[in-house]
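K.L.:
Fold the following.
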Amino acid sequence: MRFHFNKLQIMRIIAFCLLLLFPFISKGQSKFEPLRKQLIEKKTYEYVYQFENNYAVFRTFNNKMGLIDSLG
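P.N.:
Just a heads-up that it's a prediction; the model follows:
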């Protein structure tokens, strides 16, 4: 069985999937907030670059990179 989609249909499918996943993505990002506050208090990181696949990518004060898993 073959499916033939045009570009508009593919874009609609992707947009629909992102719309369905948005609550899960935004909920996952909020898990980092207590950890971010803890790192700020301990002064162990300079700033967080990005959040990706339940990981936070950050740079430390001694110019090293790190990853934090939000799932524990």
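K.L.:
element containing Phe22, please.
P.N.:
helix 7-30 (DSSP states H and E).
K.L.:
Likewise for Ala56?
P.N.:
strand 55-59.
K.L.:
and that strand, average pLDDT?
P.N.:
Regarding strand 55-59, the rounded mean pLDDT is 70.
K.L.:
ditto for stretch 21-28
P.N.:
When pLDDT is averaged over stretch 21-28, the result is 66.
K.L.:
Low-confidence bits of the protein, can you list those?
P.N.:
Residues of the chain meeting the criterion pLDDT under 70: 1, 23-32, 36, 39-40, 43-54, 58-72.
K.L.:
Please name the residues that touch Arg12.
P.N.:
Contact analysis of Arg12 by Cβ atoms under 8 Å, 6 or more residues apart in numbering lists nothing. The C-beta positions use only the backbone N, C-alpha and C, and glycine is treated the same way.
K.L.:
Quickly note the distance from it to Phe3.
P.N.:
Distance, Arg12 to Phe3, using Cβ to Cβ, to the nearest Å: 14 Å.
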